[in-house]
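>>> here's a sequence, model it:
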Amino acid sequence: MPDVICNTSPLQYLHQADLLELLPALVGQVYVPEAVVAELEEGRQRNVLLPTLEKFSWLTVKPVRDRTLLPMVTHLGDGEKEVLALGLETQDALLLLDDRDARRYARSLELEISGTLGILLLAKERGILDAVRPVLDRLQALRFRLNAETRQMVLKQAGEAT
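Model prediction:
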């Protein structure tokens with residue numbers, strides 16, 4: 001499995017859905033940039049239920065070495081920018097991004113991407129999750145952005161379409 005570089009959103013929603021342990025079960029070592037750590041800390045200060053990364057031995061904070069890309073991407077948050085920069089620095093990395101614009105930019109850079117929904121589908125495929133539908137319901141209750149078309153596509157890929 002390639003190195004995984006994770007943005008804030010997958011960590012947040014998997015944690016809030018009590019599924020954060022899917023990451024080490026599926027991918028092993030996970031890297032997060034410093035900006036994601038800062039975003040999580042800021043969210044915790046606003047009383048958002050977010051993970052404390054120091055508790056997870058399978059998660060490593062990885063600083064961005066080459067910051068030249070960061071100022072050029074003005075419409076993304078700092079976490080997304082640093083995930084992209086680390087993706088460029090890390091050969092064969094899988095980026096976990098949920099933000100549509102960040103995913104589009106990653107594709108333009110020819111970086112491999114997945115996200116929270118991709119992790120759920122992989123967990124179902126490997127028999128770790130019995131069903132994706134109840135998890136999607138839980139994520140939507142947590143205000144995870146998921147339009148009806150994407151929901152149906154995910155359910156179809158999971159073999160749970162009605």
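
>>> contacts and neighbour counts: CA atoms only from here.
Noted.

>>> outside of whichever strand or helix holds Leu11, which residues touch it?
Secondary structure from DSSP states H and E places Leu11 in helix 8-16. With contact meaning CA atoms under 8 Å, 6 or more residues apart in numbering, helix 8-16 is reached by 20, 36, 39-40, 49-51, 79, 96-98, 115-116, 139, 142, 144.

>>> next helix or strand past that helix?
helix 22-26.

>>> how far off centre is that next one?
12 Å (CA atoms, centre = their mean, to the nearest Å).

>>> for it, what is the average pLDDT?
Average pLDDT, helix 22-26: 94.

>>> returning to what we had before: filter the contacts of helix 8-16 to the buried ones?
Taking 16 or more other CA atoms under 10 Å as the criterion, what is buried in the contacts of helix 8-16 is 20, 36, 39-40, 50-51, 79, 96-98, 115-116, 139, 144.

>>> so where's this protein shaky on pLDDT?
1, 69-73 (pLDDT under 70).

>>> where exactly do the helices run in it?
8-16, 22-26, 34-45, 78-89, 100-108, 116-125, 133-141, 148-157 (DSSP state H).

>>> just list what the fourth one packs against, helices and strands only.
This points to helix 78-89. strand 4-6, helix 34-45, strand 94-96, helix 100-108 (3 or more CA pairs under 8 Å, 6 or more residues apart in numbering; DSSP states H and E).

>>> what's the closest of the ones you listed to Val27?
For the helices and strands packed on helix 78-89, proximity to Val27 was assessed by CA to CA; strand 4-6 is nearest, at 7.1 Å.

>>> nice, that's everything, thank you.
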